[in-house]
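Enquirer: coords please:
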Amino acid sequence: MRETNNTPYSHADDALRVVPAGPRDPVHPSITEDKISELVETFYARAQVEPRLGPLFNDRLDGKWPVHMDKMKKFWSSVLLKSGKYKGKPIPAHMVLTEIKSDDFRLWLELFRKTSIEILGEEAASPAIRAAERIAQSLWMAKFATPFDEVPEWLNQ
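Expert: Numbering: from 1, shown residues only. The predicted structure is shown next:
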């Protein structure tokens, strides 16, 4: 223990130091909870009928769609509005999905890009799409990559 400003100090004090959170500004001022709800509802309605993604989602979420939709609205609220509503762990949740193929991330991202632009408008969709690309990249790398792999080009358009 050493003295700092005439008060005893130890490294254990660092673990207890509270640092204020940074600003929690939305990624775009026009994005609201209502817009996120519309984005999630529209996206998943389309995903359910997409020839490859539909069966993946429907088989996994049969009877659980309302719970999943609520979770995804909280997730995107946390990402786009910095609300802190989502408390899950997306990587472990996706690691157990053995039926997912690498190209499924491309299909998901393509659908998300189109839906975001339609619902949010191009300007507001841009930061939402960048966030989705980072998320897809993290999930893809956790699921399919080795330490020396580069991500597919379609993850960074």
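Enquirer: buried residues in the helix ranked longest in the chain?
Expert: Among the elements of type helix in the chain, defined by DSSP state H, the one spanning the most residues is helix 122-144. Using 16 or more other C-beta atoms under 10 Å as the test for burial, helix 122-144 gives 124-125, 127-129, 131-133, 135-137, 139-141, 143. The C-beta positions use only the backbone N, C-alpha and C, and glycine is treated the same way.
Enquirer: model confidence over that helix, on average?
Expert: Along helix 122-144, the predicted confidence averages to a pLDDT of 94.
Enquirer: Give the other helices and strands that it contacts.
Expert: For helix 122-144, the contact count by 3 or more C-beta pairs under 8 Å, 6 or more residues apart in numbering; DSSP states H and E identifies helix 65-80, helix 90-95, helix 102-120 as packing neighbours.
Enquirer: least reliable of those helices going by mean pLDDT?
Expert: Set side by side, these show their lowest mean pLDDT on helix 90-95, which sits at a mean of 86.
Enquirer: dump the residue contacts of the residue nearest the centre of the chain.
Expert: Here the mean C-alpha position of the chain is nearest to the C-alpha of residue 135 (C-alpha atoms, centre = their mean), at a distance of 5.1 Å. With contacts defined as C-beta atoms under 8 Å, 6 or more residues apart in numbering, residue 135 is in contact with 79, 90.
Enquirer: now residue 51
Expert: With contacts defined as C-beta under 8 Å, 6+ apart, residue 51 has no neighbours.
Enquirer: likewise residue 99?
Expert: Under the criterion of C-beta under 8 Å, 6+ apart, the neighbours of residue 99 are 56, 59.
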